[in-house]
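> Provide a 3D model corresponding to the input given below.
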Amino acid sequence: MTRGANFCAVILAAGESTRMGSDKALLPWPPNTSGTQLGGQTFLSAAIDALSSFSELVIVVAGSNEAQLTPIVYAHGGFLVTNPAPELGQFSSLQIGLQEVLNHGRDAAIVTLVDRPPARATTLQALCAAFAAAVGEKWAVVPEYNGQHGHPILLGREMISAFSKAPATANARDIERQNQQHIEYVRVGDPTVILNVDTPDDYAALASRVPLP
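Below you'll find the model as predicted:
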């Protein structure tokens, strides 16, 4: 039996970006180390635009950077929610984002992190198709590139429940391991799914690693 889904997308963007030295959500995309936005896009705005075609609503979880992210989120048709205690870590932001998914009456989520280029449309199409075709015991779909698991991840109501019921101090990876049998891994030819941009060097190297849009 296949499953239908009404997706909300969730972008986790509440981190302090301490190793980068500036908010990763606001980094220009495509990469530009001069700090100007050649295409008028940032990691955050590009992620919202990419996910909008595959979800009914894009939810951005902000932290102390709420004021800086608000105009970008609303200019691109997203919805903003704030983590009041981002120091608790990324998992607390995930729980807040997933609660908003439930608050909006949706039963599935596409979750990604803001510290990376947006996944390709073909990748998102493949992940959504795999989710739609998944039988009942599969609760989530995760992309895999060169043997590494990445983002965005697609969550059904069962996995949303597993994340939501865990303590705020939990780790998403541990919960995924506990429910390994319920996860389907989908091989994709898109290196963006495993990229993390944590430092200025990571960002400077990005243009040579990923074909520009």
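
> would you list every one of the helices in the chain?
All helices of the chain, identified by DSSP state H, fall at 43-52, 66-75, 90-103, 121-133, 157-165, 172-178, 200-209.

> nearest to Trp139, of these?
helix 157-165 (4.1 Å; C-beta to C-beta). To be clear about C-beta, it is placed using only N, CA and C from the backbone, and glycine gets the same treatment.

> run through who's touching the closest one.
Taking contacts as C-beta atoms under 8 Å, 6 or more residues apart in numbering, the residues outside helix 157-165 that touch it are 91, 94-95, 98-99, 101-102, 107-109, 139-140, 155, 172, 175, 178-179, 182-183.

> make it 7 Å
Outside of helix 157-165, the residues within contact range by C-beta atoms under 7 Å, 6 or more residues apart in numbering are 94-95, 98-99, 101, 107-109, 139-140, 172, 175, 179, 182.

> quick one: mean pLDDT for that helix?
Per-residue pLDDT over helix 157-165 has a mean of 95.

> check the offset of it from the chain's centre.
Centroid separation between helix 157-165 and its chain, computed with C-alpha atoms, centre = their mean, to the nearest Å, is 16 Å.

> one more: stretch 97-108?
How far stretch 97-108 lies from its chain's middle: 15 Å, per C-alpha atoms, centre = their mean.

> quick check: buried residues in it?
By neighbour count on 16 or more other C-beta atoms under 10 Å, the buried set for stretch 97-108 is 97-98, 100-101, 106-108.

> picking that back up, what's the closest of the helices of the chain to Trp29?
The closest of the helices of the chain to Trp29 is helix 43-52. By C-beta to C-beta, the value is 4.6 Å.

> quick test: name the residue nearest the centre of this structure.
Thr112 (0.8 Å; C-alpha atoms, centre = their mean).

> so who does that residue touch?
11, 47, 151-152.

> among those residues, which ones are in strands?
Under the assignment DSSP state E, those contribute Ile11 to strands.

> low-confidence stretches in this structure?
Along the chain, the parts satisfying pLDDT under 70 run over 1-5, 32-39, 210-213.

> ok, and the closest non-adjacent residue to the residue nearest to the centre of the chain?
In space, and not counting its chain neighbours, Thr112 is closest to Pro152: 3.8 Å by C-beta to C-beta, 6 or more residues apart in numbering.

> how close does the one you found get to Arg19?
Separation of Pro152 from Arg19 (C-beta to C-beta, to the nearest Å): 22 Å.

> off-centre distance for stretch 77-87?
Counting by C-alpha atoms, centre = their mean, stretch 77-87 comes out at 13 Å from the chain centroid.

> straight-line length of that stretch, end to end?
Counting by C-alpha to C-alpha, to the nearest Å, you get 27 Å between the two ends of stretch 77-87.

> pull out the buried residues from it.
For stretch 77-87, a neighbour-count test (16+ other C-beta under 10 Å) marks 78-83, 86 as buried.

> just put these in TSV and tack on distance to Ile59.
Below are the buried residues of stretch 77-87 laid out as TSV (distance: C-beta to C-beta, whole Å):
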residue	distance to Ile59
Gly78	7
Phe79	5
Leu80	8
Val81	6
Thr82	11
Asn83	12
Pro86	15
